[in-house]
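Asks: curious how this folds, go ahead:
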Amino acid sequence: MAKGKTILVVDDEPFILKSLTFILQKGDFEVIEARDGEEAVAMIEQHHPSLVFLDVMMPKMNGYDVIRKVRANQELEGVFIVLLTAKGQETDRSQGMSAGANDYLTKPFSPSRILQVAREIMDQD
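Replies: Below is the predicted model:
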């Protein structure tokens, strides 16, 4: 897997994880998965994905803490992080953006919107 040409999908809900992976693979993207915050950080450090779709509420480490940890590592400064969460209040969005997210999408998500975001980010890479 080439570093920087990969999308990481992070969610503790197996159905969401598989749905996102399926959508992105159908869009011809290379996709890797993580099921909790700690695994997400390890995968980001190892694979340096171009794009991460990240849930907020997860075991071991929440999405906000994952973002803070990634943003503290200068080697990972180019990773584009999209929070994808059921937390849709403006205060939630504000908290996510303050933590360092590049974008914020709410569940339920539209497959076409996921592909649109992925294409926009991956085309910049």
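Asks: contacts and neighbour counts: CA atoms only from here.
Replies: OK.
Asks: list the buried residues for stretch 83-90?
Replies: Residues of stretch 83-90 classed as buried under the neighbour-count rule (16 or more other CA atoms under 10 Å) are 83-85, 87.
Asks: Glu75: which of those residues is nearest?
Replies: Distance to Glu75, by CA to CA, is smallest for Leu83 among these, at 20.4 Å.
Asks: what's the first helix or strand after the lowest-mean-pLDDT helix or strand in the chain?
Replies: The least trusted helix or strand in the chain, going by mean pLDDT, DSSP states H and E, turns out to be helix 90-99, with a mean of 85. Using DSSP states H and E, the helix or strand that follows helix 90-99 in sequence is strand 103-106.
Asks: and that following strand, what's its mean pLDDT?
Replies: For strand 103-106, mean pLDDT rounds to 91.
Asks: and for stretch 42-52?
Replies: 96.
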